[in-house]
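J.: Quick one, fold the following:
(chains A and B)
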Amino acid sequence: MSQTTSYASTSDAARHGDEPLLQVRDLKVTFKRQGEEPFVAVDGIDFDVRPGQTVGLVGESGCGKSVTSLAIMGLLPKRGNRVEGEVLFNGTDLLKLSDSDMRDRRGQELAMIFQDPLSSLNPVVPVGLQVAEVLERHKGMSRKAAMVVAREMLDKVGIPDPDRRLKDYPHQMSGGMRQRALIAIALACEPRLLIADEPTTALDVTIQAQILTLLKDLVRETGTALIMITHDLGVVAGLCDEVNVLYAGRIVERAERHPLFEQPRHPYTNGLLESIPKLEVGRGERLNPIPGSVADNLPWTSACAFAPRCLNALEVCREQTPQLEMDFGRALRCFNPVEVAR
Amino acid sequence: MTSTANADHDVTGSADSAVPADADHRDVLVDVRGVKVHFPIRKGVIFDKTIGYVYAVDGVDLQIRRGETYGLVGESGCGKSTLGRAILNLEPPTEGSVTFDGVDIASLKGEELRRKRQDIQMVFQDPMSSLDPRQSVESLLLEGLKAHGLIENDAAANQRLRELLAAVGLPPAALKKYPHEFSGGQRQRIGIARALSVNPKLIVADEPVSALDVSVQAQVINLLEDLQEEFGLTYLVVAHDLAVVRHISDRVGVMYLGALAEEAPAADLYARPLHPYTRALLSAVPVPDPVIEDQRERILLTGDLPSPANPPTGCRFHTRCPWRQPTRCDTERPVLRTVELPGVPKDHRVACHWAEQIESGELRPHEVEAIAVEQTAGVLAPDSPIIGPTSIGEIG
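T.: Numbering: from 1, shown residues only, chains lettered A, B, ... in the order given. Down below sits the predicted model:
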């Protein structure tokens, strides 16, 4: 294990094929509410993920980033909601698959890691067995063979003393170790797509740096495509090839990470970057927050949902819905984008 | 007092590295001396016996001056929140003393302590659980005022409430509403208004913005800074987010396993961290700039925070320190001291035996073997070594 490392850029090591591995087309998720209008959590999202690519979904709470990932994985409850659109994985629409077909793919071709490892691990099964279980289920391995691979996986994700740790229960591990165990489970079958939903939000910064480095190394090594879901633009800046910024259930801006951070065009992206306190900026300099807060309902139907908080808002923003349009290699949903470089 | 606070703002704002020259003469509002907070670990159903202690805070000295913001950073379990609570005497210190405005808080009891609490207020992390869901904002804000006898008549009370709401940027209509009717950011504003209502001298803010979204977080940070200027408040801000602390603090203390590892003026700490832990912590913060992210060298710490129930001997950080030396580190506990280095001010103190040698590049970092840290949820099996030389032997 190297002691000092830097996150080398993944985009430079562009091994991306041309054929997208995952194509999300007009994904829409609606939750029914008793006695109220249905709630639209995801309101028509399109994006592609190519093999080996790391794609970020960024936004604040309630923007629909987690619901998107659950919809892709087929993990939303069957009752009380409606999922529309297409999720093409290698050409197959995952939304049309039967439950048992989907179960065969989950864990094998697609895997997911969650924010809180303690509630995603089974508390009464030793960690080693939880890794082995995936291999038994999907690769048809014997318990014995699976445990050997499980040990290798624990070693690979940097859990010290893996022989002993195989028999540990989740509560005997620290938060960082649990997240490593969860990554081991997710990557055991070498999936082609890994979705990480806020994988480091519950962790301390030094542990977060460990986990991000690990994820980055593993993804590069195995060629797994990664969808990184986070609210932390700092995490995105170091990790993602392409970034989708979500607001109120829709993508408002999509760009490669360098252009996005150098010159954010959407006022929301710009506002987010402006409102983050920076390490090099000192006492006394005021932050520029985005005024107001996210509205409860999604007013995309006849206006831009961000218009009430937007400093660039024009008359047209309150009367028409902006479309996601291509603009010099980036996608942008805005009538009056930010012009000046930061 | 307000003018002192303002003057201080100007000084720290314009000259980035400088501490005000009169820093040593400015009077100290809070003086924490050798504070320890140990929690007993109990075992047994019928006979309660103490089988050990969690050394949550284990010997901290710090001074907070009037009108300044002291930032306390560290990772979870480092004791920063417990220290904040010890200053309010919500968690009576096991050892040591906390002097507030010349009075030893620990010596106060009953009515006297209750009166003193008017001067020290707290803002909590999660406004949803720190505001009573069944009380209207009006009643929440009046509670403190009544308890300390600060209202004479209804008209004055009404006036005061409106002032408070205006100060935190809420409309007067908010008075009749209940906490669930507000967004997270607005709730935190109510929490701040409640703390302000009794005209405190010190506000202890425990992770005031960590439950909020970034865009709202910035609003609350700005509000805290404005209020400090307006009312001449002194803050102790406890947080895990280094960028937030950097932004809001005049001086910063970095905690690791119950003790201060480093203490310095904010600008100085971030420009020139001297303790290996501070270096690692700063290098681990993700920066929203891909150019910086691609280039920066990360000091990756191996392993996890050792259990505060069984802290390592000597320097608490030696089990994970990339600069650990064969002598002193594992036997002798370093104390906070000033270092003789050009450009390092007197009030930049660090608890490391080798700070000078590390800074000069004489000592190089080396690899550290990760040590498994058992999570034992409070109860320790006495025969299993949690951390320390024995387990290194086992793994190596």
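
J.: In space, what's closest to the residue of the stretch 251-396 of chain B found nearest chain A - neighbours in sequence excluded?
T.: Proximity of the stretch 251-396 of chain B to chain A (CB to the nearest CB) peaks at residue B:286, 2.9 Å away. C-beta here means a position set from N, CA and C on the backbone, and glycine is covered the same way. Distance criterion CB to CB, 6 or more residues apart in numbering or on different chains; nearest residue to residue B:286, sequence neighbours excluded, is residue A:234 at 2.9 Å.

J.: dump the residue contacts of that neighbour.
T.: A:276, B:285-288, B:293 (CB atoms under 8 Å, 6 or more residues apart in numbering or on different chains).

J.: Going along the chain, name the strands of chain B.
T.: Using DSSP state E, the strands of chain B run over B:28-43, B:49-65, B:69-73, B:95-100, B:103-104, B:120-123, B:202-206, B:234-239, B:251-256, B:259-265, B:298-299, B:337-338, B:349-350.

J.: hey, least reliable of these by pLDDT?
T.: Lowest mean pLDDT of the strands of chain B: strand B:298-299, a mean of 86.

J.: Show me what that strand is packed against.
T.: Using 3 or more CB pairs under 8 Å, 6 or more residues apart in numbering or on different chains; DSSP states H and E, the elements in contact with strand B:298-299 are strand A:4-5, helix B:276-284.

J.: Those into a markdown table, with extra columns for mean pLDDT, mean neighbour count and distance to residue B:361?
T.: A markdown table is the format used below for these (pLDDT from 0 to 100; neighbours: other CB atoms under 10 Å in any protein chain shown; distance: least, CB to CB, whole Å):
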| stretch | mean pLDDT | mean neighbour count | distance to residue B:361 |
| --- | --- | --- | --- |
| strand A:4-5 | 44 | 14 | 14 |
| helix B:276-284 | 92 | 23 | 13 |
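
J.: returning to what we had before: I'd like the contacts of residue A:234 as a markdown table, with pLDDT and distance to residue B:201 appended.
T.: Converted to a markdown table, the contacts of residue A:234 look like this (pLDDT from 0 to 100; distance: CB to CB, whole Å):
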| residue | pLDDT | distance to residue B:201 |
| --- | --- | --- |
| A:276 | 89 | 31 |
| B:285 | 90 | 32 |
| B:286 | 89 | 36 |
| B:287 | 89 | 36 |
| B:288 | 89 | 36 |
| B:293 | 87 | 41 |
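
J.: How is the closest residue to residue A:327 other than its chain neighbours assigned, secondary-structure-wise?
T.: In space, and not counting its chain neighbours, residue A:327 is closest to residue A:265: 7.0 Å by CB to CB, 6+ apart. The three-state label given to residue A:265 by DSSP: H, G, I helix; E, B strand; the rest coil is coil.

J.: Roughly how far does residue A:265 sit from residue B:119?
T.: Separation of residue A:265 from residue B:119 (CB to CB, to the nearest Å): 49 Å.

J.: The two: which has the busier surroundings?
T.: residue A:265 (20 against 17; other CB atoms under 10 Å in any protein chain shown).

J.: just the helices in the stretch 51-200 of chain A please.
T.: A:65-73, A:99-105, A:117-120, A:127-139, A:143-156, A:162-165, A:175-187 (DSSP state H, counting those that start in this stretch).

J.: for those helices, which one sits closest to residue B:264?
T.: Ranking the helices of the stretch 51-200 of chain A by their distance to residue B:264 (criterion: CB to CB) puts helix A:175-187 first, at 27.7 Å.

J.: the inter-axis angle of that closest one versus helix A:127-139?
T.: In terms of direction (axes from the mean of the first three to the mean of the last three CA atoms, to 10 degrees), helix A:175-187 departs from helix A:127-139 by 20 degrees.

J.: does chain B sit close to helix A:175-187?
T.: Yes: residues of helix A:175-187 contacting chain B under CB under 8 Å from any CB of the partner chain: A:175-177.

J.: Out of these, grab the one that's most surrounded.
T.: With neighbours taken as other CB under 10 Å, the top of the residues of helix A:175-187 next to chain B is residue A:177, carrying 27 neighbours.

J.: shouldn't it be in contact with residue A:158?
T.: No: if you go by CB atoms under 8 Å, residue A:177 and residue A:158 don't touch, sitting 9.1 Å apart.

J.: what about residue A:201, neighbour count?
T.: By the criterion of other CB under 10 Å, residue A:201 has 14 neighbours.
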